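> Quick one, fold the following:
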Amino acid sequence: MGRKFANSIASYLDINASLLSSALLEVGITWYQLKLMKKSGMTIREAAEKLLPAITSGIDVIERKFGQQGLIVDARKKLNDFEVLISKGEMRENTQNRYVLRFYVEDDFQRIRGKPVLTQLGDDIFGDDLQALTLFATPPFDFKGKRICQIREIESNQIVFSTPNE
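As a prediction, this is how the structure comes out:
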């Protein structure tokens, strides 16, 4: 239950689950502690907010051990964005937009378990009209396999549309 909760938090923050789990373990957060958080009724968003300093510290430890890696840089950017949202008081339920569109490209040089790491391109595009975002996200024929587009519902952070990465 603790590992699954950690994976849910990683998914919510849109960072690599293995990196998040390793970062938490580096600073002494155990699966059992995460299990207790889940059993206490804490939501994924609340847990992400509470664990943000620990995750950031754990990523610092990992970076000191292994040097600067693309996966770490990407996670740090997403954690900083999440921290800005918290500090501004503009958490997900306060936003006017319902969806966010993100473009990714496969990194040819970094792989995790044989799969290429995805690197975000550009800024997030927000909107309420899923159909319009889907049309915008659908790549032309010559981009298929080179670029991946995802639309997530902001409230749940679930993917509602994704272009195939074949």
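
> Give the buried residues for the longest helix seen in the chain.
If you go by DSSP state H, the chain has its longest helix at helix 44-66. Applying a neighbour-count criterion of 16 or more other CB atoms under 10 Å, the buried positions in helix 44-66 are 44-45, 47-49, 51-52, 54-59, 62-63. Glycine gets a C-beta too; all of them are placed from N, C-alpha and C.

> Walk me through the domains of this protein.
For the chain, the structural domains run 2-88, 95-162, going by automatic domain parsing.

> Distance check, the closest residue in space to Arg98 that isn't next to it in sequence against Phe103.
Spatial nearest neighbour of Arg98, excluding adjacent residues (CB to CB, 6 or more residues apart in numbering): Asp128 at 4.9 Å. Between Asp128 and Phe103 the distance, using CB to CB, to the nearest Å, works out to 19 Å.

> Compare the two and say which one has the larger neighbour count.
Neighbours per residue (other CB atoms under 10 Å) separate Asp128 from Phe103, with Phe103 holding more: 21 against 10.

> And the pLDDT at that one?
Predicted confidence (pLDDT) for Phe103: 75.

> Next one: it from Val160, what distance?
16 Å.

> do Lys77 as well
Lys77 is 23 Å from Val160, by CB to CB.

> Now do the strand or helix carrying Val73: which elements does it pack against?
Per DSSP states H and E: Val73 is located in helix 70-88. Contacts defined by 3 or more CB pairs under 8 Å, 6 or more residues apart in numbering; DSSP states H and E place helix 70-88 against helix 2-13, helix 17-26, helix 44-66, strand 99-112, strand 115-127.
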